[in-house]
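how would this look folded up:
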Amino acid sequence: MSDIFDVLKEKYSEEVGLSFTFFEALAFLVYLIAIHALMCTGDGGVWGSILYKSVGDLLLSDEATLTKIRVLDFLCSGALTLLTISAYRKISRASYTFLASLKNMEDYVKKINSKYPVESMGGPAMRIYIANAANEQKNEHMKRITLVNGVGLLSLVLIISSLLGLATPNIADFAILGSGILLLCFMQWIVFAKYAAQVIPRLVLERLARNEKVQFGDEIQH
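Numbering: from 1, shown residues only. Next comes the predicted model:
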């Protein structure tokens, strides 16, 4: 079980890292508006230029910001979106490593193993039922974790957008930057807590029910 941290970290990133089609599109939209505001509205920074506009001015009216987007804005926003997704994956892995170091994961998994003795699972049919049920429950929890992780991705977008705006120091971008950092840290903690408490036990139970040896390095990989 010496490789428990590497295995769980890799699986954690695979399961909750980058499956946000909706959130990726939303991140691109935020960058699109932020880049346009930064390049075209003068010295107000990013959020100082955006927050005082109405939704209609940004999205709906004939003179809406989105109708004035340039090709350069699209290119910059696309590049920033890809960089943010990559950076978020690295942050997710690093946060797992750090948070896992605060918890004795080997003892935690041993307790899960002892909680589900194979002898008590009945015959082959019952084991198949248990394994399928555990897998379904794991997938349901992963959907919820993906939603939380998507909010974390957007918080990183806010951080990067605010840093761009602080090229011209202003209160609005500084306030959004601080809020984004707090939100990012909180979302990483929530994701780790849910993953450890709700996903890992069901992954282990599924392997045990399939009569597969639970030994980290093998059991959590698909």
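
what's the helix or strand for residue 72?
Assigned by DSSP states H and E, residue 72 falls within helix 71-101.

which helix runs longest in this protein?
Secondary structure of the chain read by DSSP state H shows that its longest helix is helix 124-165.

which is the next helix or strand following it?
Next along from helix 124-165, by DSSP H and E: helix 171-194.

and that next one, how far out from the chain middle?
Remark: helix 171-194 is offset 12 Å from the chain centroid, using Cα atoms, centre = their mean, to the nearest Å.

and the helix holding residue 72, what does it pack against?
Helices and strands touching helix 71-101, by 3 or more Cβ pairs under 8 Å, 6 or more residues apart in numbering; DSSP states H and E, are helix 4-16, helix 21-40, helix 124-165, helix 171-194. C-beta coordinates here come from the backbone N, C-alpha and C atoms, glycine included.

which intervals of this structure have sub-threshold pLDDT?
Applying pLDDT under 70 to the chain flags the ranges 1-21, 41-44, 54-67, 213-222.

show me the residue at the heart of this structure, geometrically.
residue 149 (2.7 Å; Cα atoms, centre = their mean).

so who does residue 51 touch?
The neighbours of residue 51, taking Cβ atoms under 8 Å, 6 or more residues apart in numbering as the test, are residue 172.

state the distance from it to residue 33.
11 Å (Cβ to Cβ, to the nearest Å).

what of residue 196?
Applying Cβ to Cβ to residue 196 and residue 33 gives a distance of 36 Å.

look at those two and report which has more neighbours.
Taking other Cβ atoms under 10 Å, residue 196 and residue 33 do not tie; residue 33 has more neighbours (21 against 18).

surely the more buried one is in contact with residue 50?
Yes. Taking contacts as Cβ atoms under 8 Å, residue 33 lies within contact range of residue 50: 6.3 Å.

could the helices and strands packed on helix 71-101 be laid out in a markdown table, adding distance to residue 46?
Output for the helices and strands packed on helix 71-101, formatted as a markdown table (distance: least, Cβ to Cβ, whole Å):
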| stretch | distance to residue 46 |
| --- | --- |
| helix 4-16 | 28 |
| helix 21-40 | 5 |
| helix 124-165 | 3 |
| helix 171-194 | 6 |
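
who wins for proximity to residue 99 among the ones you listed?
Evaluated with Cβ to Cβ, those place helix 171-194 nearest to residue 99, the distance being 4.4 Å.

give me the buried positions along that closest one.
172-174, 176-177, 180, 183-184, 187-188, 191-192, 194 (16 or more other Cβ atoms under 10 Å).
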